[in-house]
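Chemist: Turn this into a model:
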Amino acid sequence: MSLTLLPAVDVRDGKAVRLRQGESGSETDYGSPLEAARTWVESGAQWIHLVDLDAAFGTGDNRAQLREIVHELGDKVNIEMSGGVRDDASLDAALEAGAARVNIGTAALENPEWTKQVIAKYGDKVAVGLDVRGHTLAARGWTREGGDLFETMAMLDDAGCTRYVVTDVAKDGMMSGPNITLLKEVAERTNAKVTASGGIAKLDDLKAIKELADLGVDSAILGKSLYARAFTLEEALEVAR
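Modeler: As a prediction, this is how the structure comes out:
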């Protein structure tokens with residue numbers, strides 16, 4: 001079974017950046033978000049994970065840049081949008097911009113009733129981001145705690161959530177390998193599909209994630225590993241097939 005790969009384009013203050021452990025102020029600047037997205041599409045990406053970090057941290061938004069990316073590349077690649085989707089206005093903006101799927105993070109913890117309504121209305125166009133420290137969820141740009149992982153999952157499973165994007169905050173941007181144990185624990189407790197995020201540093205990490213396919217882990221987000229040139233997207237896609 002093949003693993004779907006989603007190269008990430010994280011946008012802060014109009015530029016493509018990578019953070020360390022999701023901390024505001026830890027950015028490494030990689031230039032134009034549109035150029036980054038174009039590069040991944042030209043390398044064979046079928047999905048792109050597009051994140052508005054300013055919206056996530058509450059320091060403004062990059063909607064104009066994100067819309068430009070979707071406008072140019074949306075007919076060539078599926079785009080998953082993430083960051084600051086907390087209400088009808090932000091969700092509608094992402095879907096109207098042409099996102100194939102929208103990630104809801106903080107709102108799932110702070111406003112569970114709204115999240116349930118959105119899952120019921122949009123189905124698999126909505127995924128829920130579970131950003132985890134240990135078994136505790138991190139909220140609002142990862143700066144606050146948001147409750148127990150498995151209790152939250154039980155609520156979301158009941159609501160019919162079809163996909164979780166699971167990030168071990170301690171691993172993100174650190175190139176220290178993914179948290180396979182966490183991914184396994186999540187996948188074993190749900191019928192929803194799971195996207196792995198954070199820590200991927202080498203091609204063997206993708207092989208390890210691929211071994212969880214039978215449990216429902218069917219995709220992985222690639223960030224720092226691609227920007228730091230640990231491997232190429234072409235090499236990763238070859239392993240993922």
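Chemist: low-scoring stretches of the chain, by residue?
Modeler: Scanning the chain for pLDDT under 70 picks out the ranges 21-27, 139-146, 171-174.
Chemist: Tell me which stretches of it form helices.
Modeler: Along the chain, the segments classed as helices by DSSP state H run 33-42, 53-57, 63-73, 88-97, 106-110, 112-122, 149-159, 180-188, 203-210, 224-227, 233-240.
Chemist: With mean neighbour count and distance to residue 195 added, can I get the ones you listed in CSV?
Modeler: C-beta: built from backbone N, CA, C; applies to glycine. As requested, those are arranged in CSV below (neighbours: other CB atoms under 10 Å; distance: least, CB to CB, whole Å):
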stretch, mean neighbour count, distance to residue 195
helix 33-42, 19, 16
helix 53-57, 23, 17
helix 63-73, 18, 19
helix 88-97, 17, 17
helix 106-110, 22, 15
helix 112-122, 16, 16
helix 149-159, 17, 14
helix 180-188, 18, 10
helix 203-210, 18, 10
helix 224-227, 22, 15
helix 233-240, 17, 13
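Chemist: Can you add distance to residue 166 and give those back as CSV?
Modeler: Below are those laid out as CSV (distance: least, CB to CB, whole Å):
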stretch, distance to residue 166
helix 33-42, 21
helix 53-57, 17
helix 63-73, 23
helix 88-97, 20
helix 106-110, 13
helix 112-122, 16
helix 149-159, 9
helix 180-188, 5
helix 203-210, 11
helix 224-227, 17
helix 233-240, 17
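Chemist: Which one of these lies nearest to residue 12?
Modeler: The closest approach between residue 12 and any of the helices of the chain, judged by CB to CB, belongs to helix 53-57 at 4.2 Å.
Chemist: who touches that closest one?
Modeler: Contacts to helix 53-57, defined as CB atoms under 8 Å, 6 or more residues apart in numbering, come from residues 10-13, 17, 19, 24, 60-63, 82-85, 90, 105-106, 140-141.
Chemist: The same query, at a cut-off of 7 Å, please.
Modeler: With contacts defined as CB atoms under 7 Å, 6 or more residues apart in numbering, helix 53-57 is touched by 10-13, 17, 24, 60-62, 83-84, 141.
Chemist: Stretch 74-82 too?
Modeler: Counting by CB under 7 Å, 6+ apart, 6, 41, 45-51, 66, 70, 94, 98-103, 105, 129 sit against stretch 74-82.
Chemist: Could you do stretch 37-50 as well?
Modeler: For stretch 37-50, the surrounding residues in contact (CB under 7 Å, 6+ apart) are 4-9, 66, 69, 73, 76-82, 221, 232-234, 237.
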